[in-house]
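Asker: pasting the sequence and the predicted model now:
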Amino acid sequence: MKITKVESFVLHVPITPPITDAINVATHWGLAGVRIFTDEGFEGYGYTGTCAHGDDMIVDTIDRYYAPLLIGKDPFMVKEIWDELRFGKMHWIGRAGVTHMALAAVDIALWDIMAKASNKPLWQYLGGHKSKQIKAYNTNGGWLNWSKERLIKDVTEIVEQGFTGVKIKVGKADSHEDYDRCKAVRKAIGDQTLFMIDVNQQWNINTGMTWGKKLEEFDLFWLEEPLNPDDIMGHKKLADALNVPIALGEHVYTKYAFRDYIHQGALEYCQVDVTRVGGITEWQQVAGLAASYDIPICPHVGDMGQIHQHLVAATPGAIMLEYIPWIRHIFVEPATVVNGHYILPQMPGASTEIIPALFDQYRVR
């Protein structure tokens, strides 16, 4: 099998209503991606997720630097291709960020082709571990721009729908307001529901020490991205000082950075995101590293769960998966949660194939 054509794309899917966390305002979810065609008729879709900013740089990297190297290659040589792209011309100016997100899109498309050619869903092609369903937790009711009244209404409905875990955003300018919202949420969801909070990097070490300790009383399952993601030592200080586990990975782009977090004892839930590290190839390496330390994996869903549902189902140390349903309607086989659990996909591939009419509707490039 040979690659015959590489076609990049950008889709912007509206988020209704728009949301905010402590760092982002999002009106659309961006899919910067690629379709890879082969001489045997198999077509792979891969993409990374954005807040609809910077997509042009990602696809320019694919078009100008990655696509020419892909033509004529056998997609089953995915690891060799990964090395060639990773250490190619873009290595000099960027070993993370845009270049890795572009590499992730290409790598995901290649794994999609391999699974389709093998006539298996990706989770099974990778060697399945969970054959029926995956536990889900819901993030979509806890946005920072929600009033406290709407926040309580949404998390209550989430629990009524069968979810056994909810996550809300914190990082208000006045941390007393975060405390008040967390107190109200814990009261609303009861003692048996897992409760996670996400700071989106907005605390400094002093705020983390003070308010992380205060919020412990709400029996938090984890504290997510409390500090700048490059501050490994700061996260280690928090991990040592707090009784709440530290979770992060959304903005960690390489296996080497994950290695350093893990070796320093600064990471207790690994949220490695396949769209931020270099795709499925590197995601599996990070998962193996986490497994050697018995650190649970709970991916951040830059893909909104389409690809991660396969990876969690194929990985022993992956214990649950985030649920945000913004873009599920655009896929031929959408990620589906019933009674708080993902139902495993059955179609061959990585569940990345997009309905043609909606591909055209949301395409901006």
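Answerer: It's in.

Asker: now for the lengthiest helix in the chain, which elements pack on it?
Answerer: In the chain, assigned by DSSP state H, the helix with the most residues is helix 98-117. Applying 3 or more Cβ pairs under 8 Å, 6 or more residues apart in numbering; DSSP states H and E, one finds that helix 98-117 makes contact with strand 25-38, strand 43-50, helix 55-61, helix 78-86, helix 122-125, helix 280-292. To be clear about C-beta, it is placed using only N, CA and C from the backbone, and glycine gets the same treatment.

Asker: now it against helix 280-292, angle please.
Answerer: 90 degrees (axes from the mean of the first three to the mean of the last three Cα atoms, to 10 degrees).

Asker: tell me the angle of helix 98-117 relative to helix 78-86?
Answerer: Going by the same axes, to 10 degrees, helix 98-117 makes 160 degrees with helix 78-86.

Asker: so what's the residue count around the residue nearest to Ala239 when sequence neighbours are not counted?
Answerer: Of all residues not flanking Ala239 in the chain, Ile246 sits nearest, at 4.8 Å (Cβ to Cβ, 6 or more residues apart in numbering). Using other Cβ atoms under 10 Å, Ile246 has 24 other residues around it.

Asker: swap in the one 10 residues further on?
Answerer: As a burial measure, Tyr256 scores 13 neighbours (other Cβ under 10 Å).

Asker: same deal with the one 4 residues further on?
Answerer: Counted with other Cβ under 10 Å, the neighbours of Asp260 add up to 15.

Asker: from Pro356, how far out is it?
Answerer: Plainly put, Asp260 is 43 Å away from Pro356 if you go by Cβ to Cβ, to the nearest Å.

Asker: what helix or strand does the spatially most central residue of the chain sit in?
Answerer: The chain has Val301 as the residue nearest its centroid, 2.5 Å off, counting by Cα atoms, centre = their mean. Using DSSP states H and E, Val301 sits within no helix or strand.

Asker: cool, Glu322 as well?
Answerer: Taking DSSP H and E as the definition, one finds Glu322 inside strand 321-323.

Asker: okay, now the sheet partners of that strand, with direction.
Answerer: strand 133-138 (parallel) (DSSP bridges).

Asker: which one of the helices and strands packed on helix 98-117 lies nearest to Asn339?
Answerer: helix 122-125 (19.8 Å; Cβ to Cβ).

Asker: which residues sit against the closest one?
Answerer: The contact list for helix 122-125, computed with Cβ atoms under 8 Å, 6 or more residues apart in numbering, reads 111-112, 114-115, 118, 130, 280, 307, 309-311, 313-314, 344-345, 349-351.

Asker: any chance of a PyMOL selection covering the buried ones in those?
Answerer: Buried residues among the contacts of helix 122-125 (16 or more other Cβ atoms under 10 Å), as a PyMOL selection:
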select buried, resi 111+112+114+115+130+280+307+309+310+311+313+314+344+345+349+350+351
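
Asker: quick one: the longest helix of the chain to chain centroid distance?
Answerer: Counting by Cα atoms, centre = their mean, to the nearest Å, helix 98-117 is centred 15 Å from the centre of its parent chain.

Asker: angle of it against strand 25-38?
Answerer: Interaxial angle, helix 98-117 versus strand 25-38 (the same axes, to 10 degrees): 50 degrees.

Asker: got the angle for helix 98-117 vs strand 43-50?
Answerer: 150 degrees.

Asker: now the helices for the protein?
Answerer: Along the chain, the segments classed as helices by DSSP H run 55-61, 67-70, 78-86, 98-117, 122-125, 148-160, 175-189, 205-215, 232-241, 255-263, 280-292, 308-313, 356-362.

Asker: pull the longest strand from this structure.
Answerer: The residue-count maximum for a strand in the chain (DSSP state E) belongs to strand 3-20.

Asker: now the helices and strands packed on helix 98-117 as TSV including mean pLDDT?
Answerer: Listed next are those as TSV, based on pLDDT from 0 to 100:
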stretch	mean pLDDT
strand 25-38	97
strand 43-50	98
helix 55-61	97
helix 78-86	97
helix 122-125	98
helix 280-292	98
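
Asker: many thanks, have a good one.
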